[in-house]
Structures are given as structure tokens and as C-alpha cells.
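1. return a 3D structure for these sequence lines:
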Amino acid sequence: GPWLGARSLLGHFVVPRSTLSLWLAGCALALFAKAKAAQASRRAAPRLEEMLAWHTLWHALPFLAVFCILDLAFMLTFAGSEFARA
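-> Got it, this is the predicted structure:
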């Protein structure tokens, strides 16, 4: 996730800024949720509901990836062969 964003920001390939920002924010949120789930599971008296809530949020990242891919496909289909540099 972050590697994709870094390569795009360095100019190795073009992704619309809005899609890239959404992806990087989603990756940051997913990593935060993963860390919080791990922290909740290591407590002396772990609360299963809290751990599952954070862990479930981590699994939202693949859905965000699908959304970003569909967004890129939509832009390619209706905006021409190249992305509008936004």
C-alpha cells in the first residue's frame, strides 16, 4: 500500500491524486486498525468485541482496493486514454 503511493509520488506511474490520496488514507487507517487489534488482543483481560471491531476494520482495505481499481477503470473508460492530472 504505502509502497504504491511512494512510487506514484516519485513519478514512476500516473494515478489521479484523489485516488492516490484515498488509497494512502485507507492504508494508514488499515495499519492503525491492525495495530489497535493487536494491542487489544495482548491485554491482560482482552475484550473480544474491541479486538474484533479493530480487526474487522483492517479487512476493509481489500474493498477499498476494489473501489480504487473501479475508479481508475471508470476514469480510463470515460476520460480517455490518459488520466486527468488532478
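2. can you tell me, leaving aside adjacent residues, what's nearest to Leu57?
-> The shortest distance from Leu57 to any non-neighbouring residue, by CB to CB, 6 or more residues apart in numbering, is to Ala33 (3.9 Å). (C-beta placed from N, C-alpha, C; glycine too.)
3. shaky segments in the protein?
-> Within the chain, the segments meeting pLDDT under 70 span 1-2, 79-86.
4. so the residue nearest to Leu57 versus Gly11, what's the distance?
-> 30 Å (CB to CB, to the nearest Å).
5. ok, these two, which is more surrounded?
-> Ala33 (19 against 7; other CB atoms under 10 Å).
6. nearest residue to the middle of this protein?
-> Gly26 (3.1 Å; CA atoms, centre = their mean).
7. give me phi/psi at it?
-> In terms of degrees, to the nearest 10, the main-chain angles of Gly26 are phi -60, psi -40.
8. thinking again about what came up before, is it true that the residue nearest to Leu57 touches Trp54?
-> Yes - using CB atoms under 8 Å, Ala33 is in contact with Trp54, at 4.9 Å.
9. number of nearby residues for Ala6?
-> Neighbours of Ala6 (other CB under 10 Å): 11.
10. quick one: it from Ala37, how far?
-> 25 Å.
11. now stretch 55-63, how far from the centre of its chain.
-> 9 Å (CA atoms, centre = their mean, to the nearest Å).
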